[in-house]
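A.B. asks: What follows is a predicted structure for the sequence shown.
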Amino acid sequence: QPVSIPIKGRHVFITGGSSGIGLALAHKAVSEGARVSLLARSLSKLEEAKKSLHLAYGVDVGIFAADVRDYDAVKRAVVEAGPVDVLVVNQGIFVPQELKKQDLDEVKLMIDVNLVGSFNVVKAALPSMKGRKDSRPASIALMSSQAGQVGIYGYSAYSASKFGLRGLAEALQQELISDNIHISVIYPPDTETPGLEEERKIRPKMTDMIAGSGSVLKAEEVAKKTLDGIKSGRFSISFRLEGQMLAIAAAGASPQRSFLIAFFEVAFAGVSRIVTLLFLSNVYRSITKSHAN
Ligand SMILES: NC(=O)C1=CN([C@@H]2O[C@H](COP(=O)(O)OP(=O)(O)OC[C@H]3O[C@@H](n4cnc5c(N)ncnc54)[C@H](OP(=O)(O)O)[C@@H]3O)[C@@H](O)[C@H]2O)C=CC1
Ligand SMILES: CCCCCCCCCCCCCCCC(=O)[C@@H](N)CO
């Protein structure tokens, strides 16, 4: 069933809000009249973000320096920030590498920050969200990636962490629907951010090539579509034509409240499977070719 989640005057709490997509989302939310809180590790980056928001809108946001891996620190921040209406769990790290060359420490780091860290944030905010006085619908949005819909060469740990968010989201939606809390999972392609800039320096060529079959978006575009998706209670949020196609191919057993999109998912299920197999056959051909060279 359709739902509409208001943003104006409500408390939007964004993890990883000091940079990239999270910061762009903070700008969007403030511009739509939300009270915004940001959480990240580095206090200096948070202060810079706060300054940029003050400069743009003359509005002060709350900032909280904490590592999502530290549950107690996250809990303290969430309690201090006050009851959350829209929780955006966006922090994430990406260190692409073939598993054979990647240290297990790096694998664990990605799972810890991207997946376990997201559990910490959700768990810390849930009591106040469930117990909120405001009876209007609330939202929890989890930042996945296209690499959370299809496994990609060089992203074994990253893809696993992002696929994990989808399982969390599907289960949590069933647990929270009676509390009028609505879950969104966001699946962006490559997006111009400080994080992507770092990633590009080390990304294996094959990963670069496969990711190159998707778009490269500006953080502002991802932020706008994300906030619009949250407001209309969309469970899966995708970008551009290839993103919509991927979403249809990966629809699986995710919930869907738009009758129109449900119709597309059903009507194009067969065709999108064919397109997926063609896409994968291209991917495997490139891998085989580059291996032979
Ligand atoms: N850019 C891209 O191409 C894409 C990104 N995504 C996802 O979007 C999200 C944001 O990415 P992007 O904007 O590029 O990333 P950035 O690297 O630009 O920003 C990451 C943010 O997360 C914070 N963060 C990192 N580690 C932790 C931690 N342990 N605890 C708390 N905060 C942390 C960072 O602050 P600090 O370092 O100070 O902690 C920063 O605010 C990620 O989840 C990413 O996986 C999805 C698809 C594509
Ligand atoms: C139906 C078939 C459709 C086929 C087209 C789909 C193309 C898939 C490309 C996947 C790209 C993954 C990018 C990950 C971005 C990301 O998360 C990193 N930058 C790290 O942040």
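C.D. replies: Arrived safely. Numbering: from 1, shown residues only. Ligands and ions are numbered 1, 2, ... in the order given.
A.B. asks: can you pull the contacts of the residue of the chain found nearest ligand 2?
C.D. replies: When you check the chain against ligand 2 by C-beta to the nearest ligand atom, the closest residue turns out to be Ser145, at 3.3 Å. Placement of C-beta: from N, CA and C, glycine included. Taking C-beta atoms under 8 Å, 6 or more residues apart in numbering, we find Ser145 in contact with 92, 158, 162, 187-189.
A.B. asks: Produce a ChimeraX select command limited to the buried residues of those.
C.D. replies: One line in ChimeraX is enough to select the buried members of these, burial here meaning 16 or more other C-beta atoms under 10 Å:
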select :92,158,162,187,188,189
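A.B. asks: Out of the contacts of Ser145, list just those in strands.
C.D. replies: Counted as lying in strands by DSSP state E, out of the contacts of Ser145, is not a single one.
A.B. asks: any chance of the contacts of Ser145 in JSON lines, with distance to ligand 2 and pLDDT too?
C.D. replies: Converted to JSON lines, the contacts of Ser145 look like this (distance: C-beta to the nearest ligand atom, whole Å; pLDDT from 0 to 100):
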{"residue": "Gly92", "distance to ligand 2": "7", "pLDDT": "98"}
{"residue": "Tyr158", "distance to ligand 2": "6", "pLDDT": "98"}
{"residue": "Lys162", "distance to ligand 2": "7", "pLDDT": "98"}
{"residue": "Tyr187", "distance to ligand 2": "9", "pLDDT": "98"}
{"residue": "Pro188", "distance to ligand 2": "7", "pLDDT": "98"}
{"residue": "Pro189", "distance to ligand 2": "5", "pLDDT": "98"}
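A.B. asks: tell me which parts of the stretch 51-200 of the chain are close to ligand 1?
C.D. replies: 67-69, 90-94, 113, 117, 143, 145, 188, 190-191, 193-196 (C-beta under 6 Å from any ligand atom).
A.B. asks: which one of the contacts of Ser145 is nearest ligand 1?
C.D. replies: Out of the contacts of Ser145, the member with the shortest distance to ligand 1 (by C-beta to the nearest ligand atom) is Gly92, at 2.0 Å.
A.B. asks: ok, for that closest one, nearest residue in space, not its chain neighbours?
C.D. replies: Distances taken as C-beta to C-beta, 6 or more residues apart in numbering put Asn114 closest to Gly92, at 4.9 Å, once the chain neighbours are dropped.
A.B. asks: That neighbour and Leu165 touch, don't they?
C.D. replies: Yes: taking contact to mean C-beta atoms under 8 Å, the distance of 7.4 Å between Asn114 and Leu165 places them in contact.
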